[in-house]
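K.L.:
Output the structure for:
(one chain, ligands or ions: 1)
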Amino acid sequence: MSILFTPIDLGNVQVKNRFIHSATYEVMAIETGEVSDKLIKRYQRLAKGEVGLIIPGYMYVHPLGRSYKYQTGIHNDDMIPGLRKLVEAVHQEGGKIAFQLAHAGRQTTKAMIGQTPLGPSSKGRNPITFVKPKEMSADQIQEVIQAFGIAANRAVEAGVDGIQLHAAHGYLINQFISPFFNHRKDEWGGSDTNRFRFLKKVLSEVRKVLPQGMPVFVKLNAHDYTPQEGITPSLAVTYARWLSELEINGLEISCGSPVYSFMNMCRGDVPVKELVNSLPFWKRPLGKLMLRNMVGKYDFEEGYNIEAAKMIKPVLGKTPLFVVGGLRQVAEMREVLEKQYADCISMCRPFIREPFIVKKIKEGNAEAVTCVSCNRCLAAVTHNIPVQCYNRGLPES
Ligand SMILES: Cc1cc2nc3c(=O)[nH]c(=O)nc-3n(C[C@H](O)[C@H](O)[C@H](O)COP(=O)(O)O)c2cc1C
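P.N.:
Just a heads-up that it's a prediction; the model follows:
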């Protein structure tokens, strides 16, 4: 039996293999934030495909933390029945499911939330919208911490197996823990310990409502790739150590952000045409120039977060590590586990193309995934087009 198919305990949840579906924004919720049948079907297929643990796309915990029109919400109780259906569909196929809880912070738009986006600090404009965020007050910080806890409770009511806190990709938690975004001088900023406090408080608020043993995971950037220093691998090592001391049940390592470095987050081709078309008309000439300039600079690399995983793994103790980003060859996935660089293989784009890839690998029918990291799926979601593989050049899976 391949090491990839050995079970692993994450908290009190036994996961049947080492494959994790990394959170993937689907553009499949309805405008109220409720899950749709299409979204449920997506995860039912993935569960049928024997993915060990499924983490659906990020869910907003508060109306002001919403990023997109068709993003799934977990911000009010009306969301619970739909979320319950989603969980049941995955369970019926023998799968396990954890919800990724998120708040966009400054990484959203006025059009989406009806007011200026909030952030730990107001410094710096969003390079895409040119909007300066509004610094959060102490009360607003408390409100968001509580919102994470209340959202976690909704997840429990929906029957979920675990929670993942989205502390990566430039969203609110990432903004608090990054010296690039956080310039506060109060208890929430000024030192690594203070910047980390927000994540620590969110974690403890979420823990309060979870049944004993239910796992909590964190997705963390090992590198923010912001114009000035944000999270670097060495700071990520410190945070990883603190998170393991707080006894989280799994850490997923990623990098980049949709606003500052989406091509680091999703290395591969720059889909210039598709991305330019998603911009407002007046931004297209400049956008085209900038995107063309990026071509060739972010070429695909196999397992591009593995080096960071190697640095982080030794400080984690017993806390399992999931690595995401460019894992494509089965031999490499095996090596990651055998050499103990990480404990689980997390993937996003390959599952968009091949929901049954885990089953194929298990049956010995695949040595690699067929995703070529063309990033058209990523371009699609920025157009509000539901996620799927748009690379017509490849044979259908
Ligand atoms: C279409 C798309 C949607 C994504 N949505 C999310 C999300 O909701 N939450 C998240 O943490 N990461 C999200 N990501 C990032 C992935 O989870 C993953 O970190 C990244 O794609 C690298 O992994 P891969 O090489 O296996 O695709 C998304 C990526 C893509 C392409």
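
K.L.:
Could you use CA atoms for every contact and neighbour count after this?
P.N.:
OK.

K.L.:
Strands along this structure, start to end?
P.N.:
8-10, 13-15, 19-21, 53-54, 59-60, 96-102, 118-119, 134-135, 162-167, 216-223, 250-255, 321-324, 344-347 (DSSP state E).

K.L.:
how about these, which one is nearest the ligand?
P.N.:
strand 344-347 (3.5 Å; Cα to the nearest ligand atom).

K.L.:
hmm, who's touching the closest one?
P.N.:
The contact list for strand 344-347, computed with Cα atoms under 8 Å, 6 or more residues apart in numbering, reads 18-22, 320-327, 333, 337.

K.L.:
which among those residues gets closest to residue 86?
P.N.:
Distance to residue 86, by Cα to Cα, is smallest for residue 21 among the contacts of strand 344-347, at 15.0 Å.

K.L.:
now residue 331: how far from residue 3?
P.N.:
11 Å (Cα to Cα, to the nearest Å).

K.L.:
So those two - more neighbours on which side?
P.N.:
The residue with more neighbours, out of residue 331 and residue 3, is residue 3; 14 against 11, by other Cα atoms under 10 Å.

K.L.:
Spatially nearest residue to that one, not counting backbone neighbours?
P.N.:
Distance criterion Cα to Cα, 6 or more residues apart in numbering; nearest residue to residue 3, sequence neighbours excluded, is residue 334 at 6.6 Å.

K.L.:
pLDDT weak spots in the chain?
P.N.:
Per-residue confidence for the chain (pLDDT under 70) gives these ranges: 1, 393-397.

K.L.:
what residues does it put near the ligand?
P.N.:
When proximity is defined as Cα under 6 Å from any ligand atom, the chain approaches the ligand at 22-25, 57-58, 254, 265-266, 324-327, 347-349, 377-378, 381, 387.

K.L.:
Check the offset of stretch 315-325 from the chain's centre.
P.N.:
Its chain's C-alpha centre and that of stretch 315-325 lie 15 Å apart, by Cα atoms, centre = their mean, to the nearest Å.

K.L.:
how about that stretch: buried residues?
P.N.:
Using 16 or more other Cα atoms under 10 Å as the test for burial, stretch 315-325 gives 315, 316, 319, 320, 321, 322, 323, 324, 325.

K.L.:
wait, isn't the second one in contact with residue 246?
P.N.:
Meaning residue 316. No - using Cα atoms under 8 Å, residue 316 makes no contact with residue 246, being 10.7 Å away.

K.L.:
Between strand 96-102 and the helix ranked longest in the chain, find me the angle.
P.N.:
Secondary structure of the chain per DSSP state H: the longest helix is helix 138-157. Interaxial angle of helix 138-157 relative to strand 96-102 (axes from the mean of the first three to the mean of the last three Cα atoms, to 10 degrees): 170 degrees.

K.L.:
so how far is helix 138-157 from its chain's centroid?
P.N.:
With Cα atoms, centre = their mean, you get 18 Å for helix 138-157.

K.L.:
Which neighbouring elements make contact with it?
P.N.:
Using 3 or more Cα pairs under 8 Å, 6 or more residues apart in numbering; DSSP states H and E as the contact definition, the elements that helix 138-157 packs against are helix 80-92, strand 96-102, helix 192-209.

K.L.:
So residue 269 sits against residue 379, correct?
P.N.:
No - shown here, residue 269 and residue 379 do not form a contact pair, counting by Cα under 8 Å, at 10.9 Å.

K.L.:
more neighbours, these two?
P.N.:
Taking residue 269 and residue 379 together and counting by other Cα under 10 Å, residue 379 has the greater number of neighbours (22 against 19).

K.L.:
Residue 156 is in contact with residue 210, isn't it?
P.N.:
Yes - Residue 156 is within contact range of residue 210, at 6.9 Å (criterion: Cα under 8 Å).

K.L.:
how about the buried residues of stretch 315-325, which pair is most distant?
P.N.:
Farthest pair in the buried residues of stretch 315-325 (Cα to Cα) is 315 and 325. Separation: 20.8 Å.

K.L.:
circling back: would you check which pair of the contacts of strand 344-347 lies furthest apart?
P.N.:
Largest separation among the contacts of strand 344-347 by Cα to Cα: 320 and 326, giving 19.3 Å.

K.L.:
measure residue 116 to the ligand for me?
P.N.:
As judged by Cα to the nearest ligand atom, to the nearest Å, residue 116 and the ligand stand 22 Å apart.

K.L.:
ok, now residue 357?
P.N.:
13 Å.

K.L.:
To what extent is residue 285 buried, counted in neighbours?
P.N.:
Other residues lying near residue 285 total 11 when counted by other Cα under 10 Å.

K.L.:
With residue 363 instead?
P.N.:
9.

K.L.:
how much space is there between it and the ligand?
P.N.:
As for residue 363, its distance to the ligand is 21 Å (criterion: Cα to the nearest ligand atom).

K.L.:
what's near enough to touch the nearest residue to residue 152 once chain neighbours are set aside?
P.N.:
Among residues not flanking residue 152 along the chain, residue 206 sits closest, at 5.9 Å (Cα to Cα, 6+ apart). Counting by Cα under 8 Å, 6+ apart, residue 206 touches 148, 149, 150, 152, 153.

K.L.:
Export these as TSV, with columns for neighbour count.
P.N.:
As requested, the contacts of residue 206 are exported to TSV (neighbours: other Cα atoms under 10 Å):
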residue	neighbour count
148	25
149	23
150	22
152	29
153	21
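
K.L.:
Could I get the residues you listed in JSON lines, plus columns for distance to residue 285?
P.N.:
Output for these, formatted as JSON lines (distance: Cα to Cα, whole Å):
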{"residue": "148", "distance to residue 285": "40"}
{"residue": "149", "distance to residue 285": "44"}
{"residue": "150", "distance to residue 285": "44"}
{"residue": "152", "distance to residue 285": "43"}
{"residue": "153", "distance to residue 285": "46"}
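
K.L.:
Good, wrapping up.
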